[in-house]
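>>> dropping the sequence and predicted coords here.
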Amino acid sequence: MNEEIEALFDDANGDLAMGELEAAVEKYRQCITLDPSFYDGWHALGMALLKLERYPEATEMLEKAVEMKPNDQFGWTSLSICHQRAGRIPEAEAAAGKARIISWGGKVKKD
(Lines give C-alpha, C1' and ligand atoms only; values in the text may rest on other atoms or scores of the structure.)
Protein backbone atom coordinates (compact mmCIF):
# COMPACT_ATOMS: atom_id res chain seq x y z
CA MET A 1 0.00 0.00 0.00
CA ASN A 2 1.40 3.39 -0.89
CA GLU A 3 1.85 6.14 1.70
CA GLU A 4 -1.06 8.25 0.43
CA ILE A 5 -3.53 5.38 0.74
CA GLU A 6 -2.10 4.36 4.10
CA ALA A 7 -2.51 7.91 5.45
CA LEU A 8 -6.07 8.19 4.08
CA PHE A 9 -7.00 4.80 5.53
CA ASP A 10 -5.56 5.70 8.93
CA ASP A 11 -7.44 9.03 8.88
CA ALA A 12 -10.65 7.24 7.91
CA ASN A 13 -10.20 4.77 10.77
CA GLY A 14 -9.73 7.71 13.14
CA ASP A 15 -12.91 9.33 11.82
CA LEU A 16 -14.76 6.06 12.30
CA ALA A 17 -13.51 5.77 15.88
CA MET A 18 -14.70 9.32 16.60
CA GLY A 19 -18.13 8.68 15.10
CA GLU A 20 -17.49 10.84 12.04
CA LEU A 21 -18.97 8.25 9.72
CA GLU A 22 -19.55 10.42 6.65
CA ALA A 23 -15.95 11.64 6.76
CA ALA A 24 -14.77 8.04 7.09
CA VAL A 25 -16.90 6.96 4.13
CA GLU A 26 -15.44 9.70 1.95
CA LYS A 27 -11.86 8.75 2.83
CA TYR A 28 -12.48 5.03 2.35
CA ARG A 29 -13.95 5.86 -1.09
CA GLN A 30 -10.79 7.79 -1.91
CA CYS A 31 -8.70 4.78 -0.89
CA ILE A 32 -10.49 2.41 -3.25
CA THR A 33 -10.45 5.00 -6.04
CA LEU A 34 -6.68 5.23 -5.71
CA ASP A 35 -6.31 1.45 -5.47
CA PRO A 36 -9.33 -0.60 -6.61
CA SER A 37 -7.57 -3.78 -5.41
CA PHE A 38 -7.38 -2.54 -1.79
CA TYR A 39 -9.49 -5.16 0.02
CA ASP A 40 -9.35 -3.46 3.42
CA GLY A 41 -10.70 -0.26 1.87
CA TRP A 42 -13.70 -2.05 0.35
CA HIS A 43 -14.40 -3.89 3.59
CA ALA A 44 -14.05 -0.81 5.80
CA LEU A 45 -16.24 1.24 3.44
CA GLY A 46 -18.91 -1.44 3.59
CA MET A 47 -18.82 -1.50 7.37
CA ALA A 48 -18.99 2.30 7.66
CA LEU A 49 -21.99 2.34 5.32
CA LEU A 50 -23.55 -0.43 7.40
CA LYS A 51 -23.20 1.74 10.50
CA LEU A 52 -25.00 4.50 8.58
CA GLU A 53 -27.75 1.97 7.73
CA ARG A 54 -27.14 2.47 4.02
CA TYR A 55 -27.69 -1.20 3.36
CA PRO A 56 -27.75 -1.31 -0.46
CA GLU A 57 -24.42 0.53 -0.68
CA ALA A 58 -22.93 -1.47 2.19
CA THR A 59 -23.96 -4.71 0.52
CA GLU A 60 -22.35 -3.65 -2.75
CA MET A 61 -19.04 -2.83 -1.05
CA LEU A 62 -18.99 -6.00 1.04
CA GLU A 63 -19.88 -8.15 -1.97
CA LYS A 64 -16.92 -6.60 -3.79
CA ALA A 65 -14.72 -7.43 -0.79
CA VAL A 66 -15.74 -11.12 -0.73
CA GLU A 67 -15.33 -11.26 -4.51
CA MET A 68 -11.75 -10.09 -4.03
CA LYS A 69 -11.04 -12.51 -1.17
CA PRO A 70 -13.61 -15.28 -1.37
CA ASN A 71 -11.93 -17.37 1.33
CA ASP A 72 -11.82 -14.60 3.94
CA GLN A 73 -14.06 -15.46 6.88
CA PHE A 74 -14.23 -11.87 8.10
CA GLY A 75 -15.66 -10.62 4.81
CA TRP A 76 -18.42 -13.23 4.72
CA THR A 77 -19.29 -12.59 8.37
CA SER A 78 -19.59 -8.87 7.67
CA LEU A 79 -21.74 -9.49 4.61
CA SER A 80 -23.97 -11.78 6.67
CA ILE A 81 -24.44 -9.05 9.29
CA CYS A 82 -25.31 -6.56 6.56
CA HIS A 83 -27.92 -8.86 5.04
CA GLN A 84 -29.36 -9.62 8.47
CA ARG A 85 -29.74 -5.95 9.41
CA ALA A 86 -31.39 -5.27 6.05
CA GLY A 87 -33.87 -8.06 6.74
CA ARG A 88 -32.53 -10.36 4.04
CA ILE A 89 -32.42 -13.48 6.21
CA PRO A 90 -31.86 -16.15 3.52
CA GLU A 91 -28.91 -14.16 2.15
CA ALA A 92 -27.59 -13.62 5.69
CA GLU A 93 -27.73 -17.34 6.39
CA ALA A 94 -26.00 -18.16 3.11
CA ALA A 95 -23.15 -15.75 3.83
CA ALA A 96 -22.87 -17.03 7.41
CA GLY A 97 -22.65 -20.56 6.05
CA LYS A 98 -19.70 -19.59 3.87
CA ALA A 99 -17.99 -17.98 6.86
CA ARG A 100 -18.56 -21.20 8.84
CA ILE A 101 -17.07 -23.36 6.08
CA ILE A 102 -13.97 -21.18 6.07
CA SER A 103 -13.75 -21.30 9.88
CA TRP A 104 -13.65 -25.11 9.66
CA GLY A 105 -10.68 -24.89 7.33
CA GLY A 106 -12.64 -25.21 4.11
CA LYS A 107 -12.73 -22.94 1.10
CA VAL A 108 -15.53 -21.22 -0.72
CA LYS A 109 -13.48 -20.96 -3.90
CA LYS A 110 -10.46 -22.93 -5.03
CA ASP A 111 -7.24 -20.95 -5.20
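Looks like it came in fine. Numbers count the residues shown, from 1 in each chain.

>>> please make it C-alpha for all contacts and neighbour counts, starting now.
OK.

>>> measure the most centrally placed residue in the chain to residue 24 for me?
Nearest to the mean C-alpha position of the chain, counting by CA atoms, centre = their mean, stands residue 43 at 2.2 Å. Relative to residue 24, residue 43 is positioned 12 Å away (criterion: CA to CA, to the nearest Å).

>>> now swap in residue 16 and tell me
Applying CA to CA to residue 16 and residue 24 gives a distance of 6 Å.

>>> ok, those two, which is more surrounded?
More crowded of residue 16 and residue 24, by other CA atoms under 10 Å: residue 24, with 26 against 19.

>>> in space, what's closest to that one - neighbours in sequence excluded?
On the basis of CA to CA, 6 or more residues apart in numbering, the spatially nearest residue to residue 24 that is not a chain neighbour turns out to be residue 12, at 4.3 Å.

>>> and residue 44, by the same measure?
residue 28 (7.0 Å).

>>> so the one you found makes contact with residue 45?
Yes - taking CA atoms under 8 Å as the contact criterion, residue 28 and residue 45 are neighbours in contact, 5.4 Å apart.

>>> can you give me the helices for the protein?
When secondary structure is read from DSSP state H, the chain shows helices at 3-17, 21-34, 39-51, 55-68, 73-85, 89-103.

>>> would you tell me which of the ones you listed gets closest to residue 111?
With respect to residue 111, and counting by CA to CA, the nearest of these is helix 55-68 at 11.8 Å.

>>> need the helices of the chain in a markdown table (columns: mean pLDDT and distance to residue 109).
Output for the helices of the chain, formatted as a markdown table (pLDDT from 0 to 100; distance: least, CA to CA, whole Å):
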| stretch | mean pLDDT | distance to residue 109 |
| --- | --- | --- |
| helix 3-17 | 97 | 28 |
| helix 21-34 | 98 | 24 |
| helix 39-51 | 98 | 17 |
| helix 55-68 | 98 | 10 |
| helix 73-85 | 98 | 12 |
| helix 89-103 | 97 | 10 |
